[in-house]
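Novice: Okay, predicted coordinates and the sequence, questions at the end:
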Amino acid sequence: MISQFNWLESLLLFRYIINGCLTFIGCGIMADAGESSRVILIPIDGSDHCDRAFRWYLENMKRDTDCITFVHVIEPVYNTPAIGMTMESPPIPDMTRVMEESIEQGKKLGQKYMHEAKSHKLNAKAFLHVDTKPGSSLVKAISDHKANVILMGNRGLGAIRRTFLGSVSDYVLHHAHIPVVIVPPQEKQ
């Protein structure tokens, strides 16, 4: 049996490429010799905010030479409050099962977006990252995937809620060293 420390340590270092049913289309292909490709990093989490951001990209920013890099960050579940908790604290034997389920859900989410990208004839890749801090994981993913732009939706939290709850988009906006496009929620009518 893997010790809890080694298991947690390996989770933090874990990176998983989604290689399910869909084949990746290679990035860097250019439609026209005069136009270079951009790597657009789009964080995905299955929310309407992510769907809205991807639709906005398709309607307002899409170029045939773009390479889309979808990144889904899985927050590991811990057993001891001293280490930190995310959503729940299952017993140690269940932790592996919970992580496997999270990875499977992440793969399905990546496949969904890959299918959507393929239907729009986009060059795309999808990745899963495991990290306790999604914001810092996305900032690291920018350099790992050599992104030129990061595009993400946000929940539209007010200033007070954002201060207390934190915001992944707010973190990325203040720590990324590339242009950040944040697609706001639709106005309430």
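Specialist: Received it, and whenever you're ready, just let me know what you need. Numbering: from 1, shown residues only.

Novice: Next, the closest residue to V73 other than its chain neighbours: phi, psi?
Specialist: In space, and not counting its chain neighbours, V73 is closest to P134: 4.2 Å by C-beta to C-beta, 6 or more residues apart in numbering. (Each C-beta comes from the backbone N, C-alpha and C, glycine too.) Dihedral pair for P134: phi -60, psi -40, per degrees, to the nearest 10.

Novice: what sits up against the helix or strand encompassing L41?
Specialist: Assigned by DSSP states H and E, L41 belongs to strand 39-43. For strand 39-43, the surrounding residues in contact (C-beta atoms under 8 Å, 6 or more residues apart in numbering) are 27, 50, 53-54, 57, 61, 66-73, 113, 134, 138, 141-142, 145-152, 168, 172.

Novice: Would you verify that R55 is located in a helix?
Specialist: Yes. Assessed by DSSP: H, G, I helix; E, B strand; the rest coil, R55 belongs to a helix.

Novice: Let me know how buried it is, in neighbour terms.
Specialist: R55 is flanked by 13 other residues according to other C-beta atoms under 10 Å.

Novice: what does the one 3 residues further on give?
Specialist: For L58, the tally of surrounding residues (other C-beta under 10 Å) stands at 13.

Novice: Surely it touches H120?
Specialist: Yes. Using C-beta atoms under 8 Å, L58 is in contact with H120, at 6.1 Å.

Novice: pLDDT weak spots in this structure?
Specialist: 1-35, 78-93, 156-166, 189 (pLDDT under 70).

Novice: Spell out the residue ranges of the helices in it.
Specialist: 4-13, 48-60, 92-119, 134-144, 159-165, 168-175 (DSSP state H).

Novice: could you dump those helices to a markdown table with distance to P184?
Specialist: Listed next are the helices of the chain as a markdown table, based on distance: least, C-beta to C-beta, whole Å:
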| stretch | distance to P184 |
| --- | --- |
| helix 4-13 | 32 |
| helix 48-60 | 9 |
| helix 92-119 | 21 |
| helix 134-144 | 18 |
| helix 159-165 | 13 |
| helix 168-175 | 10 |
